[in-house]
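Undergrad: A predicted structure for the sequence below; I have some questions about it.
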Amino acid sequence: MAKQKPSVPSGTRDFNPEQVSKRKYIFDCIRNVFEKYGYQPIETPSFENLSTLTGKYGDEGDKLIYKILNSGNLVADVSSQFLVPMMRELNNEEHEKLSSILDAKKPSDNIFLEELGEKFKNLSKHIAEKALRYDLTVPFARYVVMHQNEIVFPFRRYQIQPVWRADRPQKGRYREFYQCDADVIGSDSLILEMELIRIYDEVFSQLKIPVSIRINNRKILSGIAEAMNATEKFMDITIAIDKFDKVGLQGVRQDLHNKGISESQMQVLEKFFSLTGSTKKQLLQATELMGHSEIGKKGIEELQSVLHFLELSGDTTNSVEIDFTLARGLNYYTGAILEVKPVTVQMGSLGGGGRYDNLTGMFGLDGVSGVGISFGADRIYDVIEELKLFPDESLKTTQALFVCFDDKGIEYALPIVQQFRKENISTEVYPSVEKLKKQMKYANDRKIPFVIVIGEDEMKSGKLAFKNMNSGEQRMMSSEEIISELLNRRDAEAQR
RNA sequence: GUGGCCGUAGCUCAAUUGGUAGAGCAUCAGUCUGUGGAUCUGAGGGCAGUGGGUUCAAAACCCAUCGGCCACCCCA
């Protein structure tokens, strides 16, 4: 068999023991905060019916869904049941054109192929009818509809699972990554928006990452479009202003000009950007600017309420600011939208979320409002790594290693090792007879903090050589003394 | 989907620009037969991503292909 250079698909990663425990540190932190706010965990399958996912993420999103090839004798089935009949349906001209493309005699003609694809649309579901989870929100909506009779509303759920996107990887972008979502469904109370902001604040302050939490409201964006008298260009406008912090005012101007926004309309928009003063003042001024737009005023009122509730519930560690340029791509948001970005590191958003009034409507359950947020655990990892903020405790390894000179020593150690483990001390015995040097090196490489040496003298006296690998200090102690020493140390650490 | 950069030892990268491949780190062994991290010494490890072309001669130049990184789009 030919030798193969091992590799993993781009955008996927292996995680070594150290990385796994660092990731666990992040997940534990997020999970603890979620649970503190009363959220309950659910899990959904890693793949869904393709029809559950398509059409929920917009055209761009749909392209990034990983489809799963149907199993069975796919090629034979598809060609006998579909391709052959299809080919028969083609007229001569189409037939010729297709053959020359397939034989690479002519360059591929995308428009022609798309037309063909349209003609035989139903073929696709015989090729793939399942797809990998693209996010956690849509599967959650599906879950809510399917389990609506057993769910107690308002339902606060959290979910920490991997998702997959057929994207081209780059910095901070992977094809397999974890999302940590918290959503509440079945209540339109703005208290929930406030709580989700508090969750963001609490998680990132515990992780010691300075972030800015920006909030906006889709209704305000609608209002701006209305005030500009350009309601029909709502999507173009939101996409353009979302790039504000990247391309600046001039970039947005250019973009919107290309989209057919007039100079006078642009001036209305710019007034919203040039607001200054306290948040409260800005919101008051924005209300004026909204003019006759009811929806815009409603959006501002909602934002005011959220900020009011937030103020009542106490100070936040991280800055929470309104940002009328925040839009966010996902098209199912209808109310509040929020996004978290690191302050000191160049990185995309670490999380985002918002309110969606009718997500379950897609699955036949109308009138249920939801609001939720998501944490991008992999990006958070990268940021903590970059800022060197992983605490030492996130690297839990074996606490004590027994090293022995011969088989008699190993046998002598076995019952003592078990005593250690009974006390919940993570313990290993070096399983074979090796030079002491080699065994010590193992302890060192594994970052094991304590080594117990067993040889002739130790077995005779019952006093074991207990070595601290950090200080190099070594003492003769009984196994009981060692255990209580290790337990004391553990307690002391837990205190901190 | 669009554009740019890059594929040489396990990793990070060299080679006076066409003349048959080198360093650091890592690994292993010794210095040290009851003690790891330091120093010193030595060893192993490469059909140069793959396939073709140009040339007396290719890691280097050209083409193709695969893979990686980055940016755009979009997003966590």
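TA: Perfect, I can see it now. The structure presented is a predicted model; accordingly, all values stated were derived computationally and were not measured.

Undergrad: Low-confidence bits of chain A, can you list those?
TA: Where chain A drops to pLDDT under 70, the residues are A:1-5, A:72-83, A:85, A:98, A:100-126, A:330, A:393-394.

Undergrad: Show me the residue of it that gets nearest to RNA strand B, please.
TA: Per Cβ to the nearest atom of the strand, A:Gly329 is where chain A lies closest to RNA strand B, at 1.5 Å. In this view, the C-beta of every residue, glycine as well, is placed from N, C-alpha and C.

Undergrad: Which residues are in contact with that residue?
TA: Going by Cβ atoms under 8 Å, 6 or more residues apart in numbering, A:Gly329 touches A:Gly58, A:Glu60, A:Ile239, A:Asp242.

Undergrad: Unless I misread the structure, the second one falls within a helix.
TA: In this case it means A:Glu60. Yes: A:Glu60: assigned to a helix according to DSSP: H, G, I helix; E, B strand; the rest coil.

Undergrad: Could you give the number of residues near A:Asp357?
TA: Per other Cβ atoms under 10 Å, the neighbour tally for A:Asp357 reads 18.

Undergrad: got it, and A:Ala182?
TA: Neighbours of A:Ala182 under the rule other Cβ under 10 Å: 27.

Undergrad: which stretch of helix or strand covers it?
TA: strand A:176-185 (DSSP states H and E).

Undergrad: Tell me which residues of the next helix or strand after that strand come out buried.
TA: Remark: after strand A:176-185, the chain's next helix or strand is helix A:191-206, criterion DSSP H and E. The neighbour-count check on helix A:191-206 (16 or more other Cβ atoms under 10 Å) flags A:192-204 as buried.

Undergrad: quick one: helix A:191-206 to strand A:176-185, angle?
TA: 140 degrees (axes from the mean of the first three to the mean of the last three Cα atoms, to 10 degrees).

Undergrad: circling back to that earlier point, what about the residue of chain A closest to RNA strand B, which SS state?
TA: Per three-state DSSP, A:Gly329 ends up coil.

Undergrad: So it versus A:Arg218, what's the distance?
TA: 12 Å (Cβ to Cβ, to the nearest Å).

Undergrad: Quick one: residues contacting A:Leu196.
TA: Counting by Cβ under 8 Å, 6+ apart, A:Leu196 makes contact with A:Ala182, A:Leu338, A:Gly353, A:Val371, A:Gly372, A:Ile373.

Undergrad: which of these sit farthest apart?
TA: Spanning the widest gap among the contacts of A:Leu196 are A:Ala182 and A:Leu338, at 12.1 Å by Cβ to Cβ.

Undergrad: tell me, what's touching these two both at once?
TA: By Cβ under 8 Å, 6+ apart, the residues touching both A:Ala182 and A:Leu338 are A:Leu196, A:Ile373.

Undergrad: So A:Ile300 belongs to a helix, correct?
TA: Yes: the assignment for A:Ile300 is a helix, going by three-state DSSP.

Undergrad: That one: what's it in contact with?
TA: A:Asn217, A:Ile220, A:Gly223, A:Leu283, A:Ala286, A:Thr287, A:Met290.

Undergrad: change it to 6 Å
TA: Contact analysis of A:Ile300 by Cβ atoms under 6 Å, 6 or more residues apart in numbering lists A:Leu283, A:Ala286, A:Thr287.

Undergrad: any chance you could map the strands in the stretch 1-150 of chain A?
TA: A:40-41, A:47-49, A:67-69, A:128-132 (DSSP state E, counting those that start in this stretch).

Undergrad: what's the answer for the stretch 351-496 of chain A, then?
TA: With DSSP E, counting those that start in this stretch as the criterion, the stretch 351-496 of chain A has strands spanning A:351-356, A:370-376, A:400-404, A:427-429, A:450-454, A:464-468, A:474-477.

Undergrad: Please work out which residues outside the first one touch it.
TA: Contacts made with strand A:351-356 from outside it, assessed by Cβ under 6 Å, 6+ apart, are listed as A:328, A:332-340, A:370-376.

Undergrad: need the residues of the stretch 101-250 of chain A near RNA strand B, please.
TA: A:135, A:165, A:167-175, A:177, A:179, A:239, A:242-243, A:246-247 (Cβ under 7 Å from any atom of the strand).

Undergrad: coming back round to it: export the buried residues of helix A:191-206 as CSV, with columns for distance to A:Glu96.
TA: Listed next are those as CSV, based on distance: Cβ to Cβ, whole Å:
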residue, distance to A:Glu96
A:Leu192, 61
A:Glu193, 60
A:Met194, 65
A:Glu195, 64
A:Leu196, 59
A:Ile197, 62
A:Arg198, 65
A:Ile199, 61
A:Tyr200, 59
A:Asp201, 65
A:Glu202, 66
A:Val203, 61
A:Phe204, 61
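
Undergrad: what's across from the closest residue to A:Glu35 other than its chain neighbours in the sheet?
TA: Of all residues not flanking A:Glu35 in the chain, A:Tyr158 sits nearest, at 7.8 Å (Cβ to Cβ, 6 or more residues apart in numbering). Taking DSSP bridges as the rule, A:Tyr158 bridges to A:Pro41, A:Ala182.

Undergrad: now swap in the one 4 residues further on and tell me
TA: A:Pro162 has the following beta-bridge partners by DSSP bridges: A:Tyr178.

Undergrad: Mind jotting down where the helices sit in the stretch 201-350 of chain A?
TA: Applying DSSP state H, counting those that start in this stretch to the stretch 201-350 of chain A gives helices spanning A:218-227, A:234-242, A:244-258, A:263-273, A:279-290, A:294-312.

Undergrad: can you count the residues close to the closest residue in space to A:Met146 that isn't next to it in sequence?
TA: Once flanking residues are discounted, A:Met146 sits nearest to A:Phe363: 8.0 Å by Cβ to Cβ, 6+ apart. Counted with other Cβ under 10 Å, residues neighbouring A:Phe363 total 17.

Undergrad: swap in the one 4 residues further on?
TA: As a burial measure, the neighbour count of A:Gly367 was computed by other Cβ under 10 Å and equals 10.

Undergrad: how close does the closest residue to A:Lys130 other than its chain neighbours get to A:Gln265?
TA: Spatial nearest neighbour of A:Lys130, excluding adjacent residues (Cβ to Cβ, 6+ apart): A:Ile68 at 4.3 Å. Counting by Cβ to Cβ, the gap from A:Ile68 to A:Gln265 is 46 Å.
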